[in-house]
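A.B. asks: Fold the following, please.
(one chain, ligands or ions: 2)
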Amino acid sequence: MRIGYGEDAHRLIEGRPLVLGGVAIPSERGPLAHSDGDALLHALTDALLAAIAWDDIGALFPDDAPENKNRPSQDFLHAARERVEAAGYRVAQVSAAVILDRPKLGPYRDPIRASVAELLGLSPDRVGLTFKTSEGLAPDHVQVRAVALLLPLDQL
Ligand code: C5P
Ligand code: MG
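C.D. replies: Ligands and ions are numbered 1, 2, ... in the order given. The predicted structure follows:
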């Protein structure tokens, strides 16, 4: 098996949409980012790439490249999944912790889980999602830490 770890953080500013795991969350603030700033998908992308020791998200999609501006982060995760499969593995399970003071994400857990599961070709019971506040330590940021478990394709 392979295990990968990834993380991401974005600063929150007024007037930007908050998207996590491909799901739009009602919020007064959203991430300042070159792409759509979906920190959950960015952390998962790095977890997948780390599991096969393949550089990282910035090597795949440089954040100063114009074609990556406001790009949907589903593209990043899709590219990572393709690399995982090309390396002879499949994603078997992921787990992510989202650290965000506001808004509460609990009401969106099921839609976010379903969206991430769909993107990774997993059943939702293989997508762990935990939400935490920063207890005021990082009120102006969204942070995500994620791990991915890969199993060899020939062990399907
Ligand atoms: O960080 P803290 O332990 O105070 O979070 C308490 C609970 O609030 C978490 O277990 C989680 O279920 C929920 N939570 C949430 N959305 C957030 C932060 C925390 O639903 N943005
Ligand atoms: Mg990011």
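A.B. asks: give the contact list for V127.
C.D. replies: 93-96, 113, 116-117, 120 (C-beta atoms under 8 Å, 6 or more residues apart in numbering). C-beta coordinates here come from the backbone N, C-alpha and C atoms, glycine included.
A.B. asks: what residue is smack in the middle of the protein?
C.D. replies: L41 (2.0 Å; C-alpha atoms, centre = their mean).
A.B. asks: Among the contacts of V127, name the ones in helices.
C.D. replies: The helices, defined by DSSP state H, take in 113, 116-117, 120 from the contacts of V127.
A.B. asks: Let me know the closest of those to ligand 2.
C.D. replies: The shortest approach to ligand 2 among those belongs to V116, at 15.2 Å (C-beta to the ion).
A.B. asks: one step back: top of the ones in helices among the contacts of V127 by number of neighbours, please.
C.D. replies: Highest neighbour count within those, by other C-beta atoms under 10 Å: V116, with 26 neighbours.
A.B. asks: I figured L40 was touching L20, is that so?
C.D. replies: Yes - if you go by C-beta atoms under 8 Å, L40 and L20 touch, sitting 4.7 Å apart.
A.B. asks: Look at the residue nearest to the centre of the chain and report its pLDDT.
C.D. replies: Model confidence at L41, given as pLDDT, is 98.
A.B. asks: Now do the same contact list for the residue nearest to it when sequence neighbours are not counted.
C.D. replies: Leaving aside its chain neighbours, L41 sits nearest to S73 (3.8 Å; criterion: C-beta to C-beta, 6 or more residues apart in numbering). Contact analysis of S73 by C-beta under 8 Å, 6+ apart lists 19, 22, 35-38, 41-42, 45.
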